[in-house]
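Engineer: quick one: sequence and predicted model below, then my questions.
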Amino acid sequence: MKSIRHLVLAALTAIACAAERPNFVVILTDDLGFSDLGCYGSEIETPNLDRLAAGGLRFSSFSNTAKCHSSRVSLLTGRWCLQAGDTAMDHAVTLPEVLSKSGYSTLMTGKWHLDKQPTDYGFDRYWGHLSGATRYFKGDNTFRLDGKPWKVPDDGFYTTVANVDFALRFLDDARKTEKPWFLYIAFNAPHAPLQPMEQDYRKYEGRYDAGWDIIRERRLRKQKEIGLFAGDVDAGPRPDHVRAWNELTADQRDWEIRRMTALAAMIDRVDQETGRLVDNLAANGELDNTVILFVSDNGACPYDRKSAGRNKKPWEPGASWSDSTGWAWARNSPFRYYKQNQFEGGVATPAIVHWPAGLKAKPGSVNHDPAHLVDVLPTLAGLAGAEIPTTWPGRKPTALAGTTLEPVLAGPPLGERPPIHYLFSTDRGLREGNWKLVSFRSAPWELYDLSEDRAEQHDLAAQEPERVAAMVRRWHETAADALRSPQKSVREAARAPHRHPEWTKYGARK
């Protein structure tokens, strides 16, 4: 009888502890520019995310991997992408697996873009597409519901909305278990194809007639007004590969206005759906003790690939518009370069944490410590009191690359952290403290002091040869020992202008 009482007490204690543990929401957008939210300098209306920032904490120096699939691997495993086993993640244990073992319900909606399916990696429930991108109104044949094929309806479907529809359905079921829960929403937006809902597009018509030069200047001014950075930032001039707005033809300006209108509309919709989720958490009394993290997988996309239906409305059948290099430059303000590049324009993400019950930092404050997606797993595991396994059936987990951000949430600065290693294909980088080593497509290494030069405008490699040599050596050591990088990623290329064949081209100047 005594043992039964002890079992009952132990069970009640476990339930009480579970009730005190926070729930988690991680929201990942796709190809969102650093300045695309109102609270990061944008003119796009994002009131719901702005409210989360006003009641929470923003990061000014939070990094992703500059690429879709590798950011997902790092977020889910706490490791560099290749170190984790790339899209197979066979050298890692995932965040849902860690939390599931600690008594959490684990839920996901949206884009997967990795091997197998989310339900093979610890998620109890999943709805979304396994592909790296999908049509917003028609979807594709990779949609799954709990591991089984799911047919996209012929009418009345929009991926961004459906992500939250299914998230709310999953939450309703999870609440019945009385377990804490982890929800991961991976929006496809605003990744191309640029296919906004009509009502969202109409809202932004006329707002981008001024062009990217003026829009960027407005964003830079707003960033300074809201105190987004620790000091003044030299954003530098428009790069040579982006044409001045007043040098475009009338037809080119019209096309670019419509593309940015579509992008703004898609970002607005992400905010609306995030607001719908937050309202649901509040209505269920869960908002105070839910840790919400909002981030992007890379900076704005510059790749101007084939666009279909340029003369159609973007929500009409047959319309499938591509991205714009000029608008990507404005959207990544104040930074240089884009998705895939390891300069700040590629790796810097807006990052918002909201947690009224546990966040001790001043509401609305901005943290300037360097952080990375690899820090998400150790941080959430620490907040959940979850053990991170060092072994897993069928896999050979490597050591974590990330560090917990719990000290930041508690108020004080983070302090020293492990170096941040950047690599996608032949774009490379390393951050140690405020020093950033970076290489554009294997071109000669450049060096920046981010404490003085946040936008990487003043290359100090020639003045700091010993520092460069030491950091290059550490980059290669990590690439060889932890990542086992392919040879193409580590060889050096000759100095050449920074260009990419898929950036927008406008032909001869006027």
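Structural biologist: Sure thing, it's come through.
Engineer: please count neighbours and contacts with C-alpha atoms only from this point.
Structural biologist: Fine.
Engineer: report the contact partners of residue 289.
Structural biologist: 21, 22, 23, 355, 356, 357, 358 (CA atoms under 8 Å, 6 or more residues apart in numbering).
Engineer: buried ones among those residues?
Structural biologist: 21, 22, 23, 355, 356 (16 or more other CA atoms under 10 Å).
Engineer: from those, which is closest to residue 329?
Structural biologist: Ranked by distance to residue 329 (CA to CA), these are led by residue 355 at 32.2 Å.
Engineer: what about the closest one, distance to residue 279?
Structural biologist: Per CA to CA, to the nearest Å, residue 355 is found 14 Å from residue 279.
Engineer: quick one on the thing from earlier: the buried ones among the contacts of residue 289 in helices, which ones?
Structural biologist: The members of the buried ones among the contacts of residue 289 all map outside helices under DSSP state H.
Engineer: show me the domain layout of the protein.
Structural biologist: 2-409, 420-490 (automatic domain parsing).
Engineer: buried residues of stretch 185-200, list them for me.
Structural biologist: Buried-residue list, stretch 185-200, by 16+ other CA under 10 Å: 185-197, 200.
Engineer: which of the residues you listed lies closest to residue 320?
Structural biologist: Nearest to residue 320 among those, counting by CA to CA, is residue 193 at 5.1 Å.
Engineer: does that closest one really touch residue 315, like I thought?
Structural biologist: No - Residue 193 is beyond contact range of residue 315, at 10.5 Å (criterion: CA atoms under 8 Å).
Engineer: can you list the residues that contact stretch 454-462?
Structural biologist: 233-236, 334-336, 343-344, 445-450, 468.
Engineer: run the last query once more with 7 Å
Structural biologist: Identification of contacts with stretch 454-462 by CA atoms under 7 Å, 6 or more residues apart in numbering yields 233, 234, 235, 236, 334, 335, 336, 344, 446, 447, 448, 468.
Engineer: what sits against the last one?
Structural biologist: Which is residue 468. 447, 461.
Engineer: confirm it sits in a helix?
Structural biologist: Yes - counting by DSSP: H, G, I helix; E, B strand; the rest coil, residue 468 is part of a helix.
Engineer: how far away is it from residue 121?
Structural biologist: 39 Å.
Engineer: all strands of the stretch 101-250 of the chain, in order?
Structural biologist: 105-111, 125-129, 143-145, 148-149, 181-186 (DSSP state E, counting those that start in this stretch).
Engineer: export those to CSV and tack on distance to residue 61 and mean pLDDT?
Structural biologist: Formatted as CSV, those follow (distance: least, CA to CA, whole Å; pLDDT from 0 to 100):
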stretch, distance to residue 61, mean pLDDT
strand 105-111, 25, 98
strand 125-129, 30, 98
strand 143-145, 34, 98
strand 148-149, 39, 98
strand 181-186, 21, 98
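Engineer: now those strands in a markdown table, with distance to residue 408?
Structural biologist: Listed next are the strands of the stretch 101-250 of the chain as a markdown table, based on distance: least, CA to CA, whole Å:
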| stretch | distance to residue 408 |
| --- | --- |
| strand 105-111 | 25 |
| strand 125-129 | 31 |
| strand 143-145 | 36 |
| strand 148-149 | 40 |
| strand 181-186 | 21 |
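Engineer: among the ones you listed, which is nearest residue 295?
Structural biologist: Taking the strands of the stretch 101-250 of the chain one by one with CA to CA, strand 181-186 is closest: 9.9 Å.
Engineer: touching that closest one from outside, list them.
Structural biologist: Against strand 181-186 from outside (CA under 7 Å, 6+ apart): 23-29, 104-111, 163.
Engineer: among those residues, which pair sits farthest apart?
Structural biologist: Spatial extent of the contacts of strand 181-186 (CA to CA) is set by the pair 29 and 104 at 23.5 Å.
Engineer: quick one on the thing from earlier: ok, which of the domains of the chain comes nearest residue 499?
Structural biologist: Of these, nearest to residue 499 by CA to CA is domain 2-409, at 7.5 Å.
Engineer: quick one: mean pLDDT over stretch 400-411.
Structural biologist: Mean pLDDT, stretch 400-411: 95.
Engineer: now stretch 178-187 - C-alpha only, CSV.
Structural biologist: As requested, the backbone C-alpha atoms of stretch 178-187 are provided in CSV (Å, rounded to 0.1, in the frame of the first residue of the first chain):
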residue,chain,number,x,y,z
GLU,A,178,-2.3,17.6,-20.3
LYS,A,179,1.4,17.3,-21.4
PRO,A,180,3.5,20.3,-22.3
TRP,A,181,4.0,20.7,-26.0
PHE,A,182,6.4,21.8,-28.7
LEU,A,183,5.1,23.2,-31.9
TYR,A,184,7.3,23.9,-34.9
ILE,A,185,5.7,25.9,-37.8
ALA,A,186,7.9,26.1,-40.9
PHE,A,187,6.2,28.7,-43.2
